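J.: requesting a structural model of the entry that follows:
(2 chains)
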There are 2 protein chains.
Amino acid sequence: MAHKYVYLFKEGNATMRNLLGGKGANLAEMTGLGLPVPQGFTVSTEACTRYYEDGKVIADEIKEQIYAALKITEDEYGKKFGDKENPFLVSVRSGARASMPGMMDTILNLGLNDETVQGVVALTGNERFAYDSYRRFIQMFSDVVMEVEKKRFDEILDAVKEEVGAKLDTDLTAKDLKEVVKRYKAMYLEVKGEPFPQDPHVQLLEAVKAVFRSWDNPRAIVYRRMNDIPGDWGTAVNVQGMVFGNMGDDSGTGVAFTRNPSTGEKKLYGEYLMNAQGEDVVAGIRTPQPITQLEQTNPEVYAQFVKIAETLENHYRDMQDMEFTIEKGKLYMLQTRNGKRTAAAALAIAVDLVEEGMISKAEAVLQVDPKQLDALLHPQFDAAALKTAKPVTKGLPASPGAACGQIYFTAEEATAAAKAGQKVVLVRLETSPEDIEGMAAAQGIMTARGGMTSHAAVVARGMGRCCVAGCGEAKIDEENKTMTIGDTVLHEGDYISLDGSTGNVYAEAVATTDASMSGDFATLMGWADELRNLKVRTNADTPRDADVAYKFGAEGIGLCRTEHMFFQEDRIAAMREMIVAPNEEKRRTALAKLLPMQKEDFKGIYRAMHGQSVTIRFLDPPLHEFLPTKQEDIEALAAEMNMTVADLKSVIDGLHEFNPMLGHRGCRLAVTYPEIAEMQTRAVIEAAIEVNQEEGFQVVPEIMIPLVGEVKELKFVKDVVDKTAKQVMADKGAEIEYMVGTMIEVPRAALTADEIAKEAEFFSFGTNDLTQMTFGFSRDDAGKFLDDYYANKIFESDPFARVDQVGVGKLMKMAVELGRKTRPGMKMGICGEHGGDPSSVIFCHDIGLNYVSCSPFRVPIARLAAAHAAIKNPRK
Amino acid sequence: MAHKYVYLFKEGNATMRNLLGGKGANLAEMTGLGLPVPQGFTVSTEACTRYYEDGKVIADEIKEQIYAALKITEDEYGKKFGDKENPFLVSVRSGARASMPGMMDTILNLGLNDETVQGVVALTGNERFAYDSYRRFIQMFSDVVMEVEKKRFDEILDAVKEEVGAKLDTDLTAKDLKEVVKRYKAMYLEVKGEPFPQDPHVQLLEAVKAVFRSWDNPRAIVYRRMNDIPGDWGTAVNVQGMVFGNMGDDSGTGVAFTRNPSTGEKKLYGEYLMNAQGEDVVAGIRTPQPITQLEQTNPEVYAQFVKIAETLENHYRDMQDMEFTIEKGKLYMLQTRNGKRTAAAALAIAVDLVEEGMISKAEAVLQVDPKQLDALLHPQFDAAALKTAKPVTKGLPASPGAACGQIYFTAEEATAAAKAGQKVVLVRLETSPEDIEGMAAAQGIMTARGGMTSHAAVVARGMGRCCVAGCGEAKIDEENKTMTIGDTVLHEGDYISLDGSTGNVYAEAVATTDASMSGDFATLMGWADELRNLKVRTNADTPRDADVAYKFGAEGIGLCRTEHMFFQEDRIAAMREMIVAPNEEKRRTALAKLLPMQKEDFKGIYRAMHGQSVTIRFLDPPLHEFLPTKQEDIEALAAEMNMTVADLKSVIDGLHEFNPMLGHRGCRLAVTYPEIAEMQTRAVIEAAIEVNQEEGFQVVPEIMIPLVGEVKELKFVKDVVDKTAKQVMADKGAEIEYMVGTMIEVPRAALTADEIAKEAEFFSFGTNDLTQMTFGFSRDDAGKFLDDYYANKIFESDPFARVDQVGVGKLMKMAVELGRKTRPGMKMGICGEHGGDPSSVIFCHDIGLNYVSCSPFRVPIARLAAAHAAIKNPRK
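T.: Okay, the predicted model is just below:
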């Protein structure tokens, strides 16, 4: 028997998500539950994979299966595809395993042509409806499948509306719409050089192919990269019998959530539009009605819908996001899925569901995406600053949080400005999937059009970006880059502030403050902490950062970079004196000046962490990074150092490196200048002894030697550390414990971890450098070609954001196993930036690390991700 | 029982080399053979290792064992250490597992002091002898053990000689020598602040410690690095009863080889000096007599020596290098070892020994050190140039080959000049172990003093450096950096040419030509070729290089770097045009200009290799390497390219990279600009089709994609190659075979070799980059710290010269196994510079590679090393 590529809705169920995609699986599940679902079939994700394997061709056997399923569906409806009298019309929708909103626009009314439209007229007796459906189909099919610009259709529609004096689309008569259809087809012929396709079977196959193609469009690739979705999953295609929300005032369409997606409140929440088709609601062109309104206008349908919503939430045991259509007073369910929600809502819903007895604590923890927490950790407006600030307008509070930044009117410009270091707010009439990158780069998004379920709102919530949508008072001129609100005219680059929780917009910069975390956040994080195995530490170089991280729940410092301390103004002079010193004696003189400052830094950090473990990495960057490069700075330094400019230049030239990443840095510095390691050891140990005495702590400093590739170089530096530490303890008359370990950041260290573990008392994976060396590209330079790698699907995710488990991860696993073979139970962690990336945290759990260390603001994210990991893959 | 650290000679044998060192094991073996060996004992290499473990202290148990062995030896001699009447004197010599000539000077006459010297006078009735011995001992002990400058002793000796009008040391009377001793001791007291040690037991322990210390002196570390000797082997110490060559005219000392070490001629070859101690012969201070002279002056001893030489050669089945002393007409053997020899001699001896039936072909192959062949492959003088050249003087032909270079008078300056790219000749009065690095850096070495067994001669032969020694006519003023030969005054930087085979010296640059290889070379290499499994290819970018390599026996090209072709003057313009092109179309225009040139290059290379396989690596370096950096060159290029200087500068700035090693290069270029790979594919395939048609070859080009780290990037480029190749074959109406493979030079490629082998048809290990990335240091920058690494014994060998088997080698093994798991029998080779390093070649054999590829001049070395590998570790 041939492989099965096409499934009727009644053949599937919710567990078949990988094969049918989320949408298809849920349509099948709802069918199984006996809910009113227009029947149809799903072309599986395997068909998509096959399509790519076959060189972007739909194999004959798949075509046959599609036609066979179509035939069965036609028979159920008693209609026929392309039939003049009784035409069958379908919608075609994409549906991947993971929800990818807006990746592929829906095509409605497929099957219409110049003949079948007459059949629809005859059947419904509603010529206006038939031509309204036809013009929508031509526009959607041409745009989505044939890549004819949507703008060309809008121009025609607007022209006809103006000619007949119509204000809304609904004001257009059947005659007007016939004229629209005529002009659409003429324009299509002109643009494509061939008439609009009339054969419904051709329309269907082209639409299926377009869905498959959409899997690989640039915005889908970007979305996948942002959401860790593998490129080989593919998308399914759902072909479903049409029901019509635009059959008149007893018809309509809408979307609703079983709970409020912004706050989590347990109350049906949604919008609908009568006499409209689906896209009208989410596109934000007409302003929809709240779902509660339906209770007044159509209590029976409303009651039925409320019941269905309850059924679905109880069935899926999670908040549902549903699409429905009412055709001539009859309710149809077009989709259900676990609803996207804000971080605050996610926490509230998860906690409520546990309290309602619907799910367990572990399930609740899994319901909250660690990445989402970011939104809660972002600044809110400073209360005092907010008092004096006056909103210039108000829109819909579409995604919570506060944002303040400079205005940009296109996603490209917003992205560029953000890359250049600006904080930006993206201001658009309405957003479309092309804007995703710009939205990600922005602090917040403001749109003039669209509701709470508009593209901007949905995507912003998913990203944890603040969003104010549907701000109708704002007149946005994207061309001339101005926004006018009343008398206020704002230009590109002007500051604006958004309150995503109230919808307020401020034409000024409003100061922000840190978020406070309590209530549901504290409850859920408490559950996460109970469940996780991994400890979560932080990367912090200052007492201030350490303090923030401690409040976010950090359980120690995994990486304290000592070099950052040397860049401060009061130290850089002594540092430079050390670097240009002609001999060891002068170097020691300069180091002696740095010692007390470094010691005070460590004391401050120990105090901020209340005696928890602190891992201190010894000097890492090449020395030339501390020296000036500009002529005037060199002259100033020479004068300060009592050197000739020529001598200083020769020192600087001598320190030049071709590949500083691979140069004289890390422990290599300590091999050449052991006196630096001596000074740092003295600072670490003296600070610990003093803080322990002063505060009654039991600080056990962990000294971390960077860039080790060979056990003998670690041994060399460790000997210096041990000798100095012994001396310091003798001088101070006090004993403390301390550890000496190493970064695993050079491939050779991972490969020889069994040897290195003979000297190292702990490992910390420096995955930034390990990634650079394992791939052989420098992070500073990879920007030049990584875009080509994404575009050509060579890379799906940024290896600097997410641990490359196949290559770098293999080295890490090897190092864990080899290291613990030598030193059973050895403490191991990660301190690269990956330590705050949820998927990487899960990987770290899986390979048996003891802790992850990440930037302070990522600590709660890592705590939650660690809980996810422990729930999904319990340690024995 | 305590661990045994000290062995009497009669307790050991030749198999105990690891424990007793080479010298000690052979002294024991000779003792076992019943040869006249002054008895004594060996302090083992384990004692040396223990000495370092204990923090440079000789443990009490070792001291006790030394004293016990001393006691037994004293009893045998019937003498007593430190005894006033009948004092026992010993020599103390180092002796590592591998011969390390000159690492540690011998100490003779140990046991003498102000009292025992009187005993010697009384015993021998020879006051002159006694004080001659004493002054030698004071000088040697002070120099070697106590680090008092030798020069200070020479000054005293010269002063006394002048005062008494003595010309030679032998002209000095007992009285003179007493004065010398007195002044030596006074000077010692002045320098060291304490009297010269009088206690023989203290002298002995200090001497043993000095030998242990010498294992780690800088020149020993350099020598070990050059000769792949591990630092943890340690050295043994041989303590041997003294026999005296300086007891008068019936005494003497000498060294001899059983065959001529320069030519291999089967004839006893050596030198001796009557009334002298050992150091006099090798130090080259007095000019010794040829060994044949001994037959006239002392036929009995000569006959005995000839017989012993025969015995030893037959016993060891190899040419022997022996030291002997005649004490009052009685012969003593002080050492035997397999003699160092020139490459030509090594070949001749090995072939002769096979013909004499003494050894097998495999043993003969093992007798020749692959590194030595280098000497044979070096240029000889051009015959025509030599005709017009007139030698200005003649010295001893101490090490064969021809050298031409600029004169430097110190090792440091020679090293520096060679590093700066000059060809240099090191000119010295005489060389000492401190000069090793300078000798290695030089094309040739010339000395004014010393014979065929002087330090310069022995070391130069070992290194394969041309050497003319004992050139007495040359007056060398090292201070003022001049050499005067008759009327000719040569200064630092002047050109000089040496003929190491004749001893001729030319005060001019004489052109050189390639060596021709036939005779013994061809015979032995033929045996090697029969025995080896590894194929040997060459790295060649031009038909000329390919031709040389083919003549050296290369069996294909393992690495043809295409970028070198683009640097040529007639191509660089088109290359630059390609790089600065603003779009693909213009890039293709420029590439079209490069295509015919590149095709011709490939045709030339295919022809030079007579149809053998040629591996062509696609464009590798970052594009900025092809662009000018100087303002005037930029201006010229801008004019040429019809661009403004500002535009061109912005292109150049845009290409700047922070870490070019890890930048936009290798296959990353082909991902961004597939049209470059298309052009290169076209050139490779068209050239192969045409050459196959024109020459009747069956060239199978191997296209090698560099810097692959992920299978998808290889697939991407391979698809471009395959598509283009198909097109070219269709255009040309001809089919050829070709392969597409990859370099394994990025750690991730090795780690994911199973994946990469799905696309790659062959692997070639690019161990230069693989080493850089695995260690995380750039070759261009590592120079700054590698010396500190050697000095601190963190590294023992240069990982860029010799494959780091522990780390890089582990990755290689992994890649071999993973690759062949996916693609059984997959062809694999190495094309990094390690491919010409014998120890690395052996490693490549051991891990199962199919071939090594190296520079043309290294091909014979690799062939021989491959045979060594196959003999030592036969493949199943």
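
J.: work out for me the element residue A:358 sits within.
T.: Take DSSP states H and E as the rule and residue A:358 turns out to sit in neither a helix nor a strand.

J.: quick one: residue A:472 and residue A:448 touch, right?
T.: Yes. Between residue A:472 and residue A:448 a contact is recorded at 6.4 Å, counting by Cβ atoms under 8 Å. From N, CA and C alone the C-beta is placed, and that goes for glycine too.

J.: higher neighbour count, those two?
T.: Under the criterion of other Cβ atoms under 10 Å in any protein chain shown, the comparison of residue A:472 against residue A:448 puts residue A:448 first, with 22 against 14.

J.: shouldn't the more buried one be in contact with residue A:454?
T.: No. Using Cβ under 8 Å, residue A:448 is not in contact with residue A:454; the gap is 10.7 Å.

J.: tell me which element the spatially closest residue to residue A:795 that is not a sequence neighbour falls in.
T.: Leaving out its chain neighbours, the residue that sits closest to residue A:795 by Cβ to Cβ, 6 or more residues apart in numbering or on different chains is residue A:789, at 4.4 Å. Secondary-structure assignment from DSSP H and E places residue A:789 in helix A:779-791.

J.: buried residues in that helix?
T.: Using 16 or more other Cβ atoms under 10 Å in any protein chain shown as the test for burial, helix A:779-791 gives A:779, A:781, A:782, A:784, A:785, A:786, A:788, A:789, A:790.

J.: how about the next helix or strand after it and chain B, any contact?
T.: Under the assignment DSSP H and E, the closest C-terminal helix or strand after helix A:779-791 is helix A:808-822. Yes. Using Cβ under 8 Å from any Cβ of the partner chain, we find that helix A:808-822 touches chain B at A:808, A:810, A:811.

J.: okay, the buried residues of helix A:779-791 in CSV with distance to residue A:163 and pLDDT next?
T.: Written out in CSV, the entries for the buried residues of helix A:779-791 read as follows (distance: Cβ to Cβ, whole Å; pLDDT from 0 to 100):
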residue, distance to residue A:163, pLDDT
A:779, 58, 84
A:781, 57, 86
A:782, 55, 88
A:784, 52, 81
A:785, 52, 90
A:786, 50, 88
A:788, 48, 90
A:789, 50, 92
A:790, 46, 88
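
J.: picking that back up, between residue A:448 and residue A:454, what contacts are shared?
T.: Taking Cβ atoms under 8 Å, 6 or more residues apart in numbering or on different chains as the criterion, residue A:448 and residue A:454 both touch A:430, A:470.

J.: OK, contacts around residue A:636?
T.: Contacts for residue A:636 (Cβ under 8 Å, 6+ apart) come out as residue A:628.

J.: nope, residue A:51 is what I was after
T.: For residue A:51, the contacting residues are A:57, A:58, A:59, A:62, A:209, A:212, by Cβ under 8 Å, 6+ apart.

J.: got the buried residues for stretch A:185-193?
T.: Buried residues in stretch A:185-193, counted by 16+ other Cβ under 10 Å: A:185, A:187, A:188.

J.: my read is that the second one contacts residue A:154, right?
T.: No. In terms of Cβ under 8 Å, residue A:187 does not count as a neighbour of residue A:154; the distance is 11.4 Å.

J.: if we can go back for a sec, the contacts of residue A:51 in helices, which ones?
T.: By the criterion of DSSP state H, membership of these in helices covers A:62, A:209, A:212.

J.: give me the three-state assignment for residue A:376.
T.: In terms of secondary structure, residue A:376 is helix; the call rests on DSSP: H, G, I helix; E, B strand; the rest coil.

J.: and what of residue A:825?
T.: When the structure is reduced to helix, strand and coil (three-state DSSP), residue A:825 reads as coil.

J.: burial count for it?
T.: Counted with other Cβ under 10 Å, the burial measure for residue A:825 works out to 7 neighbours.

J.: for it, what are its contacts?
T.: Neighbours of residue A:825 in contact, by Cβ under 8 Å, 6+ apart: none.

J.: change it to 10 Å
T.: Residue A:825 makes contact with residue A:850, according to Cβ atoms under 10 Å, 6 or more residues apart in numbering or on different chains.

J.: residue A:295 now?
T.: Going by Cβ under 10 Å, 6+ apart, the list of residues near residue A:295 reads A:268, A:301, A:302, A:303, A:305, A:306.

J.: most widely separated two among these?
T.: The largest distance within the contacts of residue A:295, taken as Cβ to Cβ, falls between A:268 and A:301 and amounts to 13.1 Å.

J.: okay, and the common contacts of those two?
T.: With contacts taken as Cβ under 10 Å, 6+ apart, the residues that reach both residue A:268 and residue A:301 are A:294, A:295.

J.: show me where pLDDT drops low in chain A?
T.: A:1, A:101-105, A:281-285, A:375, A:378-379, A:383, A:453, A:461-464, A:513-516 (pLDDT under 70).

J.: go ahead and flag the most central residue of it.
T.: Chain A has residue A:226 as the residue nearest its centroid, 4.6 Å off, counting by Cα atoms, centre = their mean.

J.: quick check: that one vs residue B:680, distance?
T.: Note on residue A:226: its distance to residue B:680, by Cβ to Cβ, to the nearest Å, is 36 Å.

J.: does the biggest helix by length in chain A come close to chain B?
T.: Of all the segments assigned as helix in chain A under DSSP H, the longest by residue count is helix A:584-608. No. Helix A:584-608 lies apart from chain B when judged by Cβ under 10 Å from any Cβ of the partner chain; the minimum separation is 12.8 Å.

J.: what of stretch A:675-683?
T.: No. Stretch A:675-683 stays out of contact with chain B when judged by Cβ under 10 Å from any Cβ, the minimum separation being 12.9 Å.

J.: ok now that stretch, how far from the chain's centre?
T.: Shown here is stretch A:675-683, whose average C-alpha point lies 42 Å from the average C-alpha point of the whole chain (Cα atoms, centre = their mean, to the nearest Å).

J.: stretch A:314-330 now?
T.: In this view, stretch A:314-330 has its centroid 27 Å away from the chain centroid, taken as Cα atoms, centre = their mean.

J.: which one of the residues in the stretch 51-200 of chain A is closest to chain B?
T.: Closest approach between the stretch 51-200 of chain A and chain B, counting by Cβ to the nearest Cβ: residue A:55, at 11.6 Å.

J.: residues contacting that residue?
T.: Going by Cβ under 10 Å, 6+ apart, the list of residues near residue A:55 is empty.

J.: also residue A:806?
T.: With the criterion set at Cβ under 10 Å, 6+ apart, residue A:806 makes contact with A:799, B:710, B:711, B:748, B:751, B:752, B:755.

J.: how about 7 Å then?
T.: residue B:752 (Cβ atoms under 7 Å, 6 or more residues apart in numbering or on different chains).
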